[in-house]
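Peer 1: here is my input; please provide its structure:
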Amino acid sequence: VILCLLAQMQQYRHHMILAEIRLRRNEEKKLEPGSAATKSVQKYHIPRGGLFQYVSCPHYLAEILIYTSFLLLLRDIDSRSLLLLPAEWNCGPSLLLCESSWWQALNSLKVWKAGALLLWVTTNLSVSAWNSHSWYLDTFQESYPENRKALIPFVW
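Peer 2: Below you'll find the model as predicted:
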């Protein structure tokens, strides 16, 4: 639960940093038309602050951590704790399902589905992070921080 909450806070924080860049750019555009200041407005800016110091897409990293926490929560929650039944009962939603192998298989299937979803999200966001990172490198060239990675700090 703590991982999920921390990741959600980080995702929000980094989305706010990106939103502030857009707001700042829109404020610059509101200057008097035709003035020298208006002509010098950049269309894009390098995000700074938070985990942007280390990676190009910290909001994607946070999203992956959110889905990872969901998988961990599903794996650690079993049916007894949800139903407030004693651990020694090993039951499903009714007492008739005690010691049922299909109930255990159903719980395993939930975890498998969450794992497949995590794999999809991680793959999708990794590709997007690489494309974003490459775009930043091409667009900003020498002015882009050279130690900044795509998604995983200090690694990739």
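
Peer 1: report the helix or strand with the lowest average pLDDT across this structure.
Peer 2: None of the helices or strands of the chain scores lower by mean pLDDT, DSSP states H and E than helix 79-83, at a mean of 46.

Peer 1: tell me how many other residues crowd the spatially closest residue to Val1 that is not a sequence neighbour.
Peer 2: Spatial nearest neighbour of Val1, excluding adjacent residues (C-beta to C-beta, 6 or more residues apart in numbering): Leu73 at 6.9 Å. Glycine gets a C-beta too; all of them are placed from N, C-alpha and C. Residues lying near Leu73 (other C-beta atoms under 10 Å) number 13.

Peer 1: which elements pack onto whichever strand or helix holds Leu73?
Peer 2: Leu73 belongs to helix 58-76 when assigned by DSSP states H and E. Under the contact criterion of 3 or more C-beta pairs under 8 Å, 6 or more residues apart in numbering; DSSP states H and E, helix 58-76 touches helix 2-29, helix 101-140.

Peer 1: quick one, that helix and helix 101-140 angle?
Peer 2: Calculated by axes from the mean of the first three to the mean of the last three C-alpha atoms, to 10 degrees, helix 58-76 forms an angle of 170 degrees with helix 101-140.

Peer 1: please compute how far helix 58-76 lies from its chain's middle.
Peer 2: Remark: helix 58-76 is offset 7 Å from the chain centroid, using C-alpha atoms, centre = their mean, to the nearest Å.

Peer 1: quick one: contacts of it?
Peer 2: With contact meaning C-beta atoms under 8 Å, 6 or more residues apart in numbering, helix 58-76 is reached by 1, 3-4, 6-8, 10-11, 14-15, 18, 50-52, 55, 110-111, 114-115, 117-118, 121-122, 125-126, 128-129, 151-152.
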